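> okay, predicted coordinates and the sequence, questions at the end:
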Amino acid sequence: MQDFTSADNLLRGYQRTVKCSGWKEATQKFGLNLMREIFSLQDSLRNGTYEQQKGAIFILHEQGRKRLVRALTVRDAVMQHSLCDTVLTPALSRYLIHDNGASLKGKGISFTRRRFEQHLRWHYVRYGKAGYVLKIDFRKYFDNIRHDVLMQEISRRVADKTVLDTIQKVLAANEHDVEYVPGINPDDVLFNALEHYNPDRPRPEKTMRIRKSVAIGAPLAQIAGIYLPTRIDTWCKNVRQIHCYDAYMDDRIIIHPDKEFLKKLLLEIKAICKDLGIFVHDGKTQIIKLSKGFTFLKTRYILTDSGKIIRRIPKDVLSRQKRKMRKMAAMVRDGEISYRDFANQYKSWRGDKKRYHARKVLAEMDKLFKELNEHGKREAEYH
């Protein structure tokens, strides 16, 4: 196991940070005194005085959802990149199933979609369109990651005391004050960090610290979020011998010919989730008949009688993009953004849609884009 506190590894952590946020003033200032900052960070890690600094907290609007984001300082981001790249990712990723495709080198959402379609074809060859899809979604996943459970799972794979102590300090910085209710264990109650961040919400008279939640976007949150449900994945793949099983962050999808088997499996998964402190989202978890079509990873899948896989763009994705286009077109007219910014956003969105069977829908979106941007084009030509 490498030493994540070495100057070389911390420098690599800084290089990773620069790739993510090199344009920020704080990152550039850190780089002006790079070696002094690196050796100061190294000393604090080795003598046990390291404490995570308080970073910015803000609300991110992403795909129609509000998310509470705790931004790391440059110093803490450097440390976490070094910790994850040299210790946690190598130690934990070897225990992940192959069909877990989130946030790992050589994998990602394209990998998961490709593997899922391979599994769908495998099922069709053996069972045709007969069968069912079990979709599982975890509710407020990152908000409800219990620190004690996460430390227990990580300590099974990593024994280094400096590593474990550092992780414990990072998790302690993510604790929240919640209302104290006698007789109620907060570990058994769904936690929503966004509600407790709301400054308009009156502060309760009696509070207690809840040891849950990891900061979305932090390097530690990525590998922790992937690794924590590993017991679920290995149970399904190794014990229950399920071939058509795919995982991506807090989403799971299973294809099987027997509906009763999936019902029983869901109960088994919920039992494991209870041990891990994970909450299954009953509203989004469902068993769907394969022949009716279903949505997975923002893609609507339809399996034809001949075995062809049709990919459609979900209606909510189209509606969200249309709203965004109209807002950006208004911003172009008001001079708040340039036509080029708007055009680049639409090109980026449309470029990802080439894999869909949606020629007519994309033609309609192109038409809407042109209609909204007549003023934007004239503004671009003028400048």
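Yep, that arrived.
> flag the shaky bits of the stretch 1-150 of the chain, pLDDT-wise.
Scanning the stretch 1-150 of the chain for pLDDT under 70 picks out 1, 63-64.
> where along it do the helices fall?
Counting by DSSP state H, counting those that start in this stretch, the stretch 1-150 of the chain has helices at residues 7-21, 25-32, 34-46, 74-83, 89-93, 109-127, 147-155.
> quick one: list the elements packing against the fifth one.
Under the contact criterion of 3 or more CB pairs under 8 Å, 6 or more residues apart in numbering; DSSP states H and E, helix 89-93 touches helix 219-227. Bear in mind the C-beta positions are built from the backbone N, C-alpha and C, glycine included.
> show me where the stretch 151-300 of the chain has its strands.
176-179, 207-210, 245-248, 251-256, 286-289, 294-296, 299-303 (DSSP state E, counting those that start in this stretch).
> need those strands in JSON lines with mean neighbour count and mean pLDDT, can you?
Shown next, in JSON lines, are the strands of the stretch 151-300 of the chain (neighbours: other CB atoms under 10 Å; pLDDT from 0 to 100):
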{"stretch": "strand 176-179", "mean neighbour count": "15", "mean pLDDT": "80"}
{"stretch": "strand 207-210", "mean neighbour count": "15", "mean pLDDT": "83"}
{"stretch": "strand 245-248", "mean neighbour count": "24", "mean pLDDT": "96"}
{"stretch": "strand 251-256", "mean neighbour count": "22", "mean pLDDT": "96"}
{"stretch": "strand 286-289", "mean neighbour count": "14", "mean pLDDT": "96"}
{"stretch": "strand 294-296", "mean neighbour count": "18", "mean pLDDT": "95"}
{"stretch": "strand 299-303", "mean neighbour count": "19", "mean pLDDT": "95"}
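> just send those back as CSV, with distance to Ile167 too.
As requested, the strands of the stretch 151-300 of the chain are arranged in CSV below (distance: least, CB to CB, whole Å):
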stretch, distance to Ile167
strand 176-179, 18
strand 207-210, 17
strand 245-248, 23
strand 251-256, 25
strand 286-289, 35
strand 294-296, 32
strand 299-303, 35
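> which one of these lies nearest to Phe116?
For Phe116, the closest of the strands of the stretch 151-300 of the chain is strand 245-248, at 4.6 Å, according to CB to CB.
> now do the closest one: distance to the chain's middle.
Centroid separation between strand 245-248 and its chain, computed with CA atoms, centre = their mean, to the nearest Å, is 13 Å.
> contacts for that strand?
97, 99-102, 109, 112, 115-116, 119, 229, 233, 236-237, 252-254, 296-297 (CB atoms under 8 Å, 6 or more residues apart in numbering).
> which among the residues you listed count as buried?
97, 99-102, 109, 112, 115-116, 119, 229, 233, 236-237, 252-254, 296-297 (16 or more other CB atoms under 10 Å).
> does Asp251 touch Lys298 like I think?
No. Contact status for Asp251 versus Lys298: not in contact, 10.3 Å apart, counting by CB atoms under 8 Å.
> what's the closest non-adjacent residue to Leu266?
Nearest-residue entry for Leu266: Leu134, 6.4 Å, with adjacent residues in sequence omitted and distances by CB to CB, 6 or more residues apart in numbering.
> residues contacting the most centrally placed residue in the chain?
By CA atoms, centre = their mean, the chain has its centre lying nearest to Met249, at 5.6 Å. By CB under 8 Å, 6+ apart, the contact list for Met249 reads 102-103, 141, 225-226.
> right, and Asp187 touches His147 too?
No. Judged on CB under 8 Å, Asp187 makes no contact with His147 at a distance of 10.1 Å.
> the two - which one has more neighbours?
Counted by other CB atoms under 10 Å, Asp187 and His147 do not tie: His147 has more neighbours, with 21 against 14.
> residues in contact with that one?
So His147 contacts 168, 171-172, 174-175, 211-212 (CB under 8 Å, 6+ apart).
> so which of those sits lowest on pLDDT?
In terms of pLDDT, the lowest of those is Glu175, showing 88.
> can you pick the most crowded of the contacts of Met249?
Ile226 (24 neighbours).
> now the helix or strand where Leu318 lies, how far from the chain's geometric center?
If you go by DSSP states H and E, Leu318 is part of helix 315-333. When distances are taken as CA atoms, centre = their mean, helix 315-333 is centred 24 Å away from the chain's centroid.
> and what of stretch 347-362?
How far stretch 347-362 lies from its chain's middle: 23 Å, per CA atoms, centre = their mean.
> one more: stretch 266-274?
21 Å.
> residues making contact with it?
Here stretch 266-274 makes contact (CB under 8 Å, 6+ apart) with 134, 136, 138, 231-232, 235-236, 240, 252, 279-280, 285, 287.
> of all the contacts of Met249, which comes closest to Tyr127?
Relative to Tyr127, the closest of the contacts of Met249 is Ala102; by CB to CB it sits at 27.8 Å.
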